[in-house]
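>>> let's see this in three dimensions:
(chains A, B, C and D)
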2 protein chains.
Amino acid sequence: MSATPEPTPARLRAIPSRLIAGVAAVADRLVNERLAAADARKWHFAVLTALAEDGAASQAELSRRTGIYRSDMVAVLNELGDAAYVRRAADPADRRRNVITLTAEGRRRREHLDGLVTDAQRELLAPLDPDERSELTRLLTVLTEHHRPGHPDPRDPK
Amino acid sequence: MSATPEPTPARLRAIPSRLIAGVAAVADRLVNERLAAADARKWHFAVLTALAEDGAASQAELSRRTGIYRSDMVAVLNELGDAAYVRRAADPADRRRNVITLTAEGRRRREHLDGLVTDAQRELLAPLDPDERSELTRLLTVLTEHHRPGHPDPRDPK
DNA sequence: CTACATTCGTTAGTGTCACGAACGTTAGGG
DNA sequence: CCCTAACGTTCGTGACACTAACGAATGTAG
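You can find the predicted model right below:
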């Protein structure tokens, strides 16, 4: 069991990057389906949650928290602003920045979307027991931490 | 540990679907970078590998094996055909079908790309030990098997 | 045998998303 | 004061997932 004489069967189905891409597609579909029913997309949820968890921030800061490119952040904030879920105000301390603030409606909206997203997680992880779920989360977190701008490879500190 | 009094901490960073999407993006980037250096894309590798592992097939069959939409398969096979990695011939037994066959050059090409893809997997999974790698693969396989057209929910056999 | 549904390959088109280029504005450091 | 860098913004690109529709061929029910 420890020494497999076979060279590398490496079945297409067992290639990690393909497995992950497949599961990611399923997860995205599950989340999007539910959010679409509430006329929202995952970016909306990500931005609202980032604001709820760590407070008001500039657009660039929100980009870093959520992983959304700052170019794409503009449109998301336009939509959230049009719906009065966030407010966009100039930062008096640094006039390059906009300060994005979560409104009361935005907070309610976030809680609603959170329920939908949580449902999607449940359906996604349905076949796993609690231990397996936390182990999966742990492994994915390790990978996420490792492949982070600045940490990818200590041999190339540039 | 079993009863968490907190309502829903649910940190944005810990949402499985977001973790998976992030890791999938990293994995895709790693694979694409390497394949691009060989002027290939992941579809090429997937099709060549499907042919090498399970033999010649029709385009629709390749679609199912690889997960590529049959609409997109056309362009991929055009490119692989132009490079003489595969041959496309009419199926005499069913004249709707094309039979796609892997050529000798295609087989060499596949082995080359396989090396690149394997390197990418190594880099992706670098922070995990062998046990963790197989556990991750196992968990992802469980999820993949569960969320498969026809198996999504036994409560809705339709 | 005829009629109908289904499969296949193909073309064209849509929407999402990640990402880069460039620009004007503003801030901070030498 | 100049230079660099960060910020918000606009525009554009390319990969990818997916749908719609088509003609040709096949299988099947009546």
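
>>> all strands of chain A, in order?
Per DSSP state E, chain A has strands spanning A:86-90, A:98-102. These are given in chain order.

>>> near DNA strand D, which residues of chain A are found?
Counting by Cβ under 7 Å from any atom of the strand, chain A comes close to DNA strand D at A:21, A:25, A:29, A:58-61, A:63, A:70-71, A:73-74, A:77, A:88, A:96-98. Backbone N, C-alpha and C define where each C-beta goes, glycine included.

>>> 6 Å instead?
A:Ala25, A:Arg29, A:Ser58, A:Gln59, A:Ala60, A:Arg70, A:Ser71, A:Val74, A:Arg96, A:Arg97, A:Asn98 (Cβ under 6 Å from any atom of the strand).

>>> buried among the residues you listed? Need that as a selection in ChimeraX.
Per 16 or more other Cβ atoms under 10 Å in any protein chain shown, the buried members of those correspond to this ChimeraX selection:
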select /A:58,59,97,98
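
>>> which of the residues of chain A next to DNA strand D fall in helices?
A:Ala25, A:Arg29, A:Gln59, A:Ala60, A:Arg70, A:Ser71, A:Val74 (DSSP state H).

>>> near DNA strand C too, which of these?
A:Ser71.

>>> and the ones in helices among the residues of chain A next to DNA strand D, which is closest to B:Val142?
The shortest approach to B:Val142 among these belongs to A:Ala25, at 16.0 Å (Cβ to Cβ).

>>> ok, that closest one - contacts?
For A:Ala25, no residue meets the contact criterion (Cβ atoms under 8 Å, 6 or more residues apart in numbering or on different chains).

>>> pLDDT wise, what is it at?
Per-residue confidence (pLDDT) for A:Ala25: 93.

>>> please apply the same query to A:Ala37.
88.

>>> could you do A:Pro9 as well?
Confidence for A:Pro9, expressed as pLDDT, is 56.

>>> and the helices in chain A?
A:16-37, A:42-54, A:59-66, A:70-82, A:104-124, A:130-146.

>>> so how far is the first one off the chain centroid?
Taking the mean of its C-alpha atoms, helix A:16-37 sits 12 Å from the chain's own mean (Cα atoms, centre = their mean, to the nearest Å).
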